[in-house]
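Participant: Compute the structure for the input listed below.
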Amino acid sequence: MSLPPDFATECLYGPEQWYITELLTLDAENGVVRGVVDTTRLGIGVDAQVATPGHPKHVPGAVMVQLTGTLGNLHAVYLLGLKISAGWSGFGTHIRHAKFPSLGRIGPPMEVQLTVVRHRQFRGQHFCTYAFLYTQEGREIYVSEQSAIWFHGPLPELGG
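Facilitator: Got it, this is the predicted structure:
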C-alpha cells in the first residue's frame, strides 16, 4: 500500500528523506510498522559515493538511521495518534546495539521494520523504545534498538 495521503503534512521530514516507497504494515495491536525501500532511489548519499573494486556503492548508514525516523514518525502519527499537524513532535534520544551485519546493496529492495519494545507515557510525553530490523534478500543489513520522545507543544527540557 502507499504511504497515507496526509503523510506529507504529518511527517517531520520532506518526501526526499522518507525513503519508504511502499507501506506493508501498520499494526497497532502488535506495535509493528513495516515498509519497503527502493534502494535505487536513495539520492545524494549514494550518488556521492566513490565506487572502487573493494568499495561498491551501497545503502549508506545515514540512510538507515534516517529510516528509523520515518518509521518512528509513522508509528507516532498512525498508531499512537500523535499528529504533527496538531502540535506533536519527536526526537530520537538513544541508539543502542546498532549493527550492520551485511552490506546493503543498491538494486534489491530492502524491507524495514519497527517493533515497539516499550511505550510509556509520563507528564503528557510518550517515551518509546523501538527494535529495528532491515533485511535485503533474506539477509539482515541493519539491526538496532533505539529510543525516542514524543511531546506536544514547545520543546521540553531533555536533559544533557
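Participant: Enumerate every residue touching the closest residue to residue 28 other than its chain neighbours.
Facilitator: Nearest residue to residue 28, sequence neighbours excluded (C-beta to C-beta, 6 or more residues apart in numbering): residue 79, at 4.5 Å. Using the backbone N, CA and C atoms, a C-beta is placed for each residue, glycine as well. Going by C-beta atoms under 8 Å, 6 or more residues apart in numbering, residue 79 touches 26, 27, 28, 31, 33.
Participant: secondary structure class for the spatially most central residue of the chain?
Facilitator: Nearest to the geometric centre of the chain sits residue 68, at 2.2 Å (C-alpha atoms, centre = their mean). Under DSSP: H, G, I helix; E, B strand; the rest coil, the three-state class of residue 68 is helix.
Participant: next one: stretch 134-146 to chain centre, how far?
Facilitator: 12 Å (C-alpha atoms, centre = their mean, to the nearest Å).
Participant: Need the CA coordinates for that stretch. CSV is fine.
Facilitator: Extracted in CSV, the C-alpha atoms of stretch 134-146 (Å, rounded to 0.1, in the frame of the first residue of the first chain):
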residue,chain,number,x,y,z
TYR,A,134,16.2,-4.2,8.0
THR,A,135,16.6,-7.1,5.6
GLN,A,136,17.5,-7.5,1.9
GLU,A,137,17.1,-10.8,0.1
GLY,A,138,16.8,-12.6,3.4
ARG,A,139,19.9,-11.1,4.9
GLU,A,140,19.9,-8.7,7.9
ILE,A,141,21.6,-5.5,7.0
TYR,A,142,20.7,-3.2,10.0
VAL,A,143,19.6,-4.1,13.5
SER,A,144,19.3,-1.8,16.4
GLU,A,145,17.3,-0.7,19.5
GLN,A,146,16.6,3.0,19.7
